[in-house]
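Q: quick one: sequence plus predicted model below, questions after.
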Amino acid sequence: MDDLFAPRRPAPPIKRGKWPSEQLAEYLTGKVLPDDVAPAIKSWAAFFIHDAAKQVIAIKTKEARRSALTKIPPSIRGRVQDEIMRLW
C-alpha cells in the first residue's frame with residue numbers, strides 16, 4: 001500500500017498553447033498554413049475573409065482590385081477570391 005504521507009512528485013508544468021486570438025492573427029497574416037489551423041479558428045476567420053472580400057468588391061477599378069488582392073497573404077487569398085465570387 002502507498003504511504004499516504006509520502007511526498008508526491010511535483011506535477012509537470014502545463015504547456016499552454018497559443019491564445020485563439022494569436023492563432024487567428026497568424027492564420028490571417030499567412031504565418032500558418034490553413035491545414036495547421038483548428039476548424040474553430042477557420043470558422044472565426046470566415047468573418048474577416050468575408051469583410052476583406054466586401055472591401056475588395058467596393059474598389060472601383062479592376063487594376064486597383066487586383067492590386068488589393070496581391071496584398072492579401074497567399075495562404076488565404078484563394079478563400080478571399082472564392083468569397084468575392086460568391087458575393088459578386
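A: Cool, the structure landed. Numbers count the residues shown, from 1 in each chain.

Q: measure the closest residue in space to P73 that isn't next to it in sequence to I57 for me?
A: Closest residue in space to P73, ignoring its immediate chain neighbours: G30 at 2.8 Å, by C-beta to C-beta, 6 or more residues apart in numbering. For glycine as for every other residue, the C-beta is placed from the backbone atoms N, C-alpha and C. Distance check for G30 against I57: by C-beta to C-beta, to the nearest Å, it reads 21 Å.

Q: residues near the residue nearest to P73, how many?
A: Around G30 there are 14 other residues, counting by other C-beta atoms under 10 Å.

Q: give me the below-cutoff pLDDT ranges for the chain.
A: Low-confidence segments of the chain (pLDDT under 70): 1-4, 11-12, 14-15.

Q: leaving out the residues flanking it, which one is nearest to the residue positioned nearest the centre of it?
A: Closest residue to the average C-alpha location of the chain: Y27 at 3.0 Å, with C-alpha atoms, centre = their mean. In this structure, Y27 finds its nearest non-sequential neighbour in V37, 4.9 Å apart by C-beta to C-beta, 6+ apart.

Q: can you pull the contacts of that neighbour?
A: Going by C-beta atoms under 8 Å, 6 or more residues apart in numbering, V37 touches Q23, Y27, A45.
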